[in-house]
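J.: what follows is a predicted structure for the sequence shown.
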Amino acid sequence: MENVSEPDDVETSIIHLPDDCLSFIFQRLDNLDDHESFGLTCHRFLNIQNTNRRSLQFQCSLSVLNPSTLSQSIPAVNSDHLHRLLTRFQWLEHLSLSGCTVLNDSSLASLRYPGARLLSLHLDCCYGVSDNGISTVASFCPNLRVVSLYRCNISDIGLETLARGSLPLRCVNLSYCPLVSDHGVRALSQACLQIESVKISNCKSITGVGFSGSSPTLGYVDAEYCCQLDPKGVAGIVSGGGIEYLNISGAVCHIRKDGLVPIGSGIASKLRVLNLRMCRTVGDESIKAIAKGCPLLQEWNLALCREVRVSGWEAVGKWCRNLEKLHVNRCRNLCDQGLLAIRSGCKNLRILYMNGNARLTPTAVEMFKFHQPKAVFN
């Protein structure tokens with residue numbers, strides 16, 4: 001049989017490559033200008049560019065996570081702009097509308113196009129988004145894992161809607177949402193069995209009891225300046241047993257000297273980072289319980305914890321053997337004996353944040369530096 005070969009005058013070009021090969025080429029372009037040029041070549045290339053777009057954010061975003069995901073500069077993203085973009089990029093997995101302050105509930109109707117594929121949605125400072133908008137999100141985005149609602153105008157009704165949607169949420173940001181209370185937090189924590197991270201900082205109506213019985217997957221809670229946080233609420237936050245990061249700095253109104261003893265009851269034994277900054281009334285009983293019950297602590301912020309005295313510092317030195325960072329700024333009852341206890345026990349300490357400690361003598365500080373030469377003072 002004779003070999004059949006193509007005529008010499010048959011030309012081949014990149015146009016003859018199948019779409020999957022062109023997609024592979026597009027994915028290897030690491031320059032934003034190259035991405036845009038690729039789509040301007042022809043309709044086919046534009047379609048490949050559109051279907052390969054996985055992330056989108058705007059120049060007005062509060063934080064640019066990845067420059068390659070930025071859209072072209074748009075003065076103010078309104079409903080029409082968003083509709084055009086989401087009908088074009090229907091394969092998005094990550095969408096940030098943070099800083100798009102003119103968007104409202106009806107604007108989110110365009111989520112129907114990429115919604116089924118969206119894994120993360122950021123609506124930070126979308127002041128016009130309320131509970132009705134969250135209902136749209138729950139309807140169109142069944143696979144959402146990350147949602148950030150920082151400073152959105154939502155209430156417990158919106159959180160209940162998310163809970164009923166049975167979304168596989170893992171990370172939720174509710175910071176500066178003043179209309180959210182324990183009722184909404186309870187609905188979310190009971191429904192989201194894979195929840196890993198919750199931010200409720202500056203939510204003035206949350207005591208924390210809504211977390212009671214939450215999933216053991218919950219490992220990160222930021223409750224900074226939740227002024228209604230109380231001992232029962234703190235116990236609720238750690239009740240799942242999976243907490244590794246806990247920030248309750250500035251929660252001083254309802255937490256007294258022994259108010260944080262529940263953290264050291266053993267259920268928070270996985271805790272690695274604990275921020276108690278400005279918990280001025282917390283005393284030795286709480287410190288002793290936490291030091292003994294949380295042996296994995298690596299960073300502990302006790303700045304401005306003014307009621308911690310010698311027995312508390314001795315407990316830190318005795319039990320916190322894995323501690324690497326310790327904040328003791330303006331702890332007015334930290335004296336030479338307390339610093340000696342920390343020096344003697346915390347052998348893994350690498351950074352000590354310390355200033356404004358009037359009861360410490362220069363000699364005690366120099367002795368600490370001599371015996372802990374690897375520790376850095378800030």
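T.: Yes, it's here.
J.: low pLDDT regions in the protein?
T.: 1-52, 61-75 (pLDDT under 70).
J.: domain parsing of it, as residue ranges.
T.: 15-52, 54-154 (automatic domain parsing).
J.: what's the end-to-end length of the last one?
T.: The reference is to domain 54-154. With C-alpha to C-alpha, to the nearest Å as the measure, domain 54-154 spans 27 Å from end to end.
J.: just how off-centre is that domain within its chain?
T.: Computed by C-alpha atoms, centre = their mean, to the nearest Å, the separation of domain 54-154 from the middle of its chain amounts to 18 Å.
J.: can you pull the buried residues of stretch 98-105?
T.: 98-100, 103-105 (16 or more other C-beta atoms under 10 Å). (C-beta placed from N, C-alpha, C; glycine too.)
J.: reformat these as CSV; add secondary structure and distance to Gly264.
T.: Below are the buried residues of stretch 98-105 laid out as CSV (DSSP: H, G, I helix; E, B strand; the rest coil; distance: C-beta to C-beta, whole Å):
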residue, secondary structure, distance to Gly264
Ser98, coil, 38
Gly99, coil, 41
Cys100, coil, 44
Leu103, coil, 45
Asn104, strand, 46
Asp105, helix, 44
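J.: can you tell me how far the residue lying closest to Ser166 once chain neighbours are set aside is from Ile134?
T.: In this structure, Ser166 finds its nearest non-sequential neighbour in Ala191, 6.7 Å apart by C-beta to C-beta, 6 or more residues apart in numbering. Counting by C-beta to C-beta, to the nearest Å, the gap from Ala191 to Ile134 is 14 Å.
J.: pick out whichever of the two has more residues nearby.
T.: Neighbours were counted for Ala191 and for Ile134 using other C-beta atoms under 10 Å; Ile134 has more, 25 against 18.
J.: isn't that one up against Thr161?
T.: Yes. Applying C-beta atoms under 8 Å, one finds Ile134 in contact with Thr161, separated by 5.5 Å.
J.: quick one, helices of the stretch 101-250 of the chain?
T.: 131-140, 156-164, 182-191, 231-237 (DSSP state H, counting those that start in this stretch).
J.: out of those helices, which is closest to Ser148?
T.: Closest approach to Ser148 among these (C-beta to C-beta): helix 131-140, 11.5 Å.
J.: hey, what's the angle from that closest one to helix 156-164? Just curious.
T.: For helix 131-140 against helix 156-164, the angle between stretch directions is 10 degrees (axes from the mean of the first three to the mean of the last three C-alpha atoms, to 10 degrees).
J.: list the buried residues of helix 131-140.
T.: 131, 133-138, 140.
J.: before we move on, back to that, closest to Leu334 out of the helices of the stretch 101-250 of the chain?
T.: That would be helix 231-237 among the helices of the stretch 101-250 of the chain, by C-beta to C-beta, at 23.6 Å.
J.: that closest one: how far from the chain's middle?
T.: 20 Å.
J.: return the set of buried residues in it.
T.: Buried-residue list, helix 231-237, by 16+ other C-beta under 10 Å: 231, 233-237.
J.: cool, and stretch 184-204?
T.: Buried residues in stretch 184-204 (16+ other C-beta under 10 Å): 184-192, 195-203.
J.: only the C-alpha atoms, please, for that stretch, written as CSV.
T.: Extracted in CSV, the C-alpha atoms of stretch 184-204 (Å, rounded to 0.1, in the frame of the first residue of the first chain):
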residue,chain,number,x,y,z
GLY,A,184,-29.0,33.9,63.3
VAL,A,185,-25.7,32.5,64.4
ARG,A,186,-27.4,29.5,65.9
ALA,A,187,-29.3,28.8,62.7
LEU,A,188,-26.1,29.0,60.7
SER,A,189,-24.0,26.9,63.1
GLN,A,190,-26.6,24.2,63.4
ALA,A,191,-27.1,23.9,59.6
CYS,A,192,-23.5,24.2,58.4
LEU,A,193,-21.9,21.0,59.5
GLN,A,194,-18.7,21.7,57.6
ILE,A,195,-18.2,25.2,59.0
GLU,A,196,-14.6,26.0,59.7
SER,A,197,-14.3,29.8,60.2
VAL,A,198,-16.6,32.5,61.5
LYS,A,199,-15.9,36.2,61.9
ILE,A,200,-18.3,38.2,64.1
SER,A,201,-16.1,41.1,65.2
ASN,A,202,-18.0,44.2,66.2
CYS,A,203,-21.3,42.5,66.1
LYS,A,204,-22.8,44.3,69.1
